[in-house]
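Visitor: Take this sequence and fold it.
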Amino acid sequence: MTETLIQYDNMVQMALLSVVRDVLQNTAKEGLPGEHHFYITFSTIHPDTCIPDYLKERYSEEMTIVVQNQFSNLKVDDVHFEISLSFNGKLENLSIPFMALEGFFDPSVDFGLHFHATEVNNDNEDEQHVTPVAENQENDSDTGTDNVVTLDTFRKK
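Guide: Sure thing, here's the model as predicted:
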C-alpha cells in the first residue's frame, strides 16, 4: 500500500473541529444569539475528558450536553473547552477536548457535524482517529433525502 503524504482526513477533521471551536469562542464572548443552542456529544472515555465521577459512571462511553439557557464559565482554547452546567440542581464543571467530540448540532438552524470514530491500520499500528461527516438536517425537497456529505465515499478500500 502506498504511503499517504497528504493527511486529508486529519485536515478536514481539524477544519470541522475549528468550526465548533469558533462557534463556542463566539458564544463565550457574545452569548447565544437568537434561538441558537447546541447539543454537543462527546466521548467520556477520552483520556483528557474531565467530568464528575458520577456522570462518568452514568455515561460510561458518551454524553450529550445542551448549551442553551443555563450555562456559565464557558472558556475555549485551541484544544478544549470548559463549561459549567447544572445537573440535578448542582453546578458541575466539565472540561472537554475537541478531539473527544462525536457530534455538534444546532437545531435552531438544522446544522450538525458528526465525528465517527474508526480504526485504521498504519504499518501494523492501530491508530484511533475520527472521521468527520458534515450534515445539514434539512431535507432536499426533490429527493426527500438528507443533505449529508460523507467522506467514506472517497476513501480507497
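Visitor: the strands in the chain, which residues?
Guide: 38-43, 62-67, 71-76, 80-87, 90-97, 101-106, 111-122, 125-139, 146-150 (DSSP state E).
Visitor: And residue 32, how close does it get to residue 17?
Guide: 20 Å (Cβ to Cβ, to the nearest Å). Placement of C-beta: from N, CA and C, glycine included.
Visitor: Between these two, point out the one with more neighbours.
Guide: Neighbours were tallied for residue 32 and for residue 17 using other Cβ atoms under 10 Å; the higher tally belongs to residue 17 (21 against 17).
Visitor: what's the neighbour count on the closest residue to the more buried one other than its chain neighbours?
Guide: Closest residue to residue 17 apart from its sequence neighbours, by Cβ to Cβ, 6 or more residues apart in numbering: residue 98 at 4.7 Å. Residues within reach of residue 98, counting by other Cβ under 10 Å, total 24.
Visitor: going forward, begin numbering at 16 instead of 1
Guide: Happy to do that; since the first residue is 16 now, the last one works out to residue 113.
Visitor: my read: residue 121 touches residue 128, true?
Guide: No - look at residue 121 against residue 128 with Cβ atoms under 8 Å: they stay out of range, at 9.6 Å.
Visitor: Quick check, central residue of this structure?
Guide: Closest to where the C-alpha atoms of the chain average out (Cα atoms, centre = their mean) is residue 116, at 3.2 Å.
Visitor: OK, contacts around that residue?
Guide: With contacts defined as Cβ atoms under 8 Å, 6 or more residues apart in numbering, residue 116 is in contact with 32, 35, 55, 56, 57, 58, 130, 145.
Visitor: Now the buried members of those residues.
Guide: The neighbour count (16 or more other Cβ atoms under 10 Å) marks 32, 35, 55, 56, 57, 58, 130, 145 as buried among those.
Visitor: Now do the same contact list for the spatially closest residue to residue 43 that is not a sequence neighbour.
Guide: Leaving aside its chain neighbours, residue 43 sits nearest to residue 89 (4.3 Å; criterion: Cβ to Cβ, 6+ apart). Neighbouring residues of residue 89 by Cβ under 8 Å, 6+ apart: 39, 42, 43, 82, 96, 97, 98, 99.
Visitor: And the second one, how far from residue 36?
Guide: Just to be clear, that refers to residue 42. Applying Cβ to Cβ to residue 42 and residue 36 gives a distance of 11 Å.
Visitor: In this structure, where's the longest helix?
Guide: Secondary structure of the chain per DSSP state H: the longest helix is helix 23-45.
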